[in-house]
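**Q** Test case, fold it:
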Amino acid sequence: MVKRKRGGHGGHGWFVTFADLMALLMSFFVMLAAYSSQDKAKLQIVAGSMREAFGNQKDIRLAGIVETDGIPTGTYIKNARIKPLSDATDTPGPAKNQPHEDGIQDPAQDRGFALAAASLRQALRDMPEIAEISRNVLLEVSDTGIDIQIVDQEGRAMFAEGKSQPNERTRKVLAALAPTLRRMPNKITITGHTATPRPGAEPEGDPWELSVGRASAVREIMANAGVPSDRFASVSGKGDTEPLVRDNPYLPYNRRVGIVLKADAPPLPASLKP
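**A** This next block holds a predicted model:
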């Protein structure tokens with residue numbers, strides 16, 4: 001009987017190379033899947049912080065100092081415009097601190113206000129004892145300046161009902177903001193607002209007197225914290241005529257005091273770092 005020799009396994013070397021290639025491709029796709037499963041909410045928060053720090057965000061939303069959820073947002077916020085990066089060109093712009101044709105301040109000033117806003121946020125982040133009321137502080141950068149809103153929330157008021165004096169937590173917030181505001185050259189306006197009483201509800205007091213009283217109390221606290229008196233351009237009250245949430249003037253968010261750092265001077269001195 002004739003015996004046939006069986007061939008070895010060395011004649012198909014391409015198969016080993018192909019298997020290695022498939023293993024590499026599998027590892028590559030596993031890595032892609034891992035990156036695609038990142039927490040999109042956290043990535044958006046990080047990306048938004050970077051865009052705001054460098055003055056490149058395409059839109060502005062009201063957000064708490066630490067948390068960014070739970071605050072009503074909308075496109076109705078007046079004058080909230082910052083020129084997007086996609087609109088930037090290499091052509092020379094207008095002189096520094098002069099507005100563009102569309103009324104928006106030059107990009108250098110936009111970046112300065114973004115850095116100033118970052119300094120204010122950091123001042124509050126450095127105080128963990130007020131972290132629980134971070135959602136009560138809204139901060140917006142616009143072509144009119146930096147708008148800080150100290151608002152009420154359901155079950156978490158910044159002022160006692162019907163009273164013009166803020167509670168202790170609100171005083172801590174103002175004390176945290178005062179050092180940064182004191183070092184800036186901009187004029188400051190303070191405006192008080194109240195919410196419209198629900199039908200049949202007992203009003204907490206005269207809305208005009210209450211809004212003016214709260215704005216005046218905020219000015220007094222900031223002055224005692226070292227903000228010079230000549231920095232205050234105006235202290236006023238609007239009653240319930242300008243709700244923050246226009247679709248629902250009864251919400252607690254409409255009870256607030258607005259502090260605006262006006263865009264009429266360089267927003268960030270050279271010595272101030274966020």
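
**Q** which stretches of the protein form strands?
**A** Under the criterion DSSP state E, the chain contains strands at 137-142, 145-151, 188-193, 232-237, 256-262.

**Q** rank those by mean pLDDT and give me the bottom one.
**A** Across the strands of the chain, the stretch with the lowest average pLDDT is strand 137-142; it has a mean of 85.

**Q** sorry, back to before: adding distance to Ala217, write the strands of the chain out as CSV.
**A** C-betas here are computed from N, CA, C, even on glycine. Written out in CSV, the entries for the strands of the chain read as follows (distance: least, CB to CB, whole Å):
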stretch, distance to Ala217
strand 137-142, 17
strand 145-151, 11
strand 188-193, 9
strand 232-237, 10
strand 256-262, 8
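
**Q** closest one to Arg182 among these?
**A** Nearest to Arg182 among the strands of the chain is strand 188-193; the distance by CB to CB comes to 10.1 Å.

**Q** partners of that closest one in the sheet?
**A** The pairing partners recorded for strand 188-193 under DSSP bridges are strand 232-237 (parallel), strand 256-262 (antiparallel).

**Q** Please work out which of those is packed deepest.
**A** Taking mean count of other CB atoms under 10 Å as the contact definition, the stretch among the strands paired with strand 188-193 with the greatest mean neighbour count is strand 256-262, which reaches a mean of 23.

**Q** so it versus strand 137-142, what angle?
**A** Between the direction of strand 256-262 and that of strand 137-142, the angle (axes from the mean of the first three to the mean of the last three CA atoms, to 10 degrees) works out to 30 degrees.

**Q** and for strand 256-262, what are the contacting residues?
**A** Under the contact criterion CB atoms under 8 Å, 6 or more residues apart in numbering, strand 256-262 has outside partners 116, 144-152, 158, 177, 181, 184, 186-193, 214-215, 218, 233, 244, 267.
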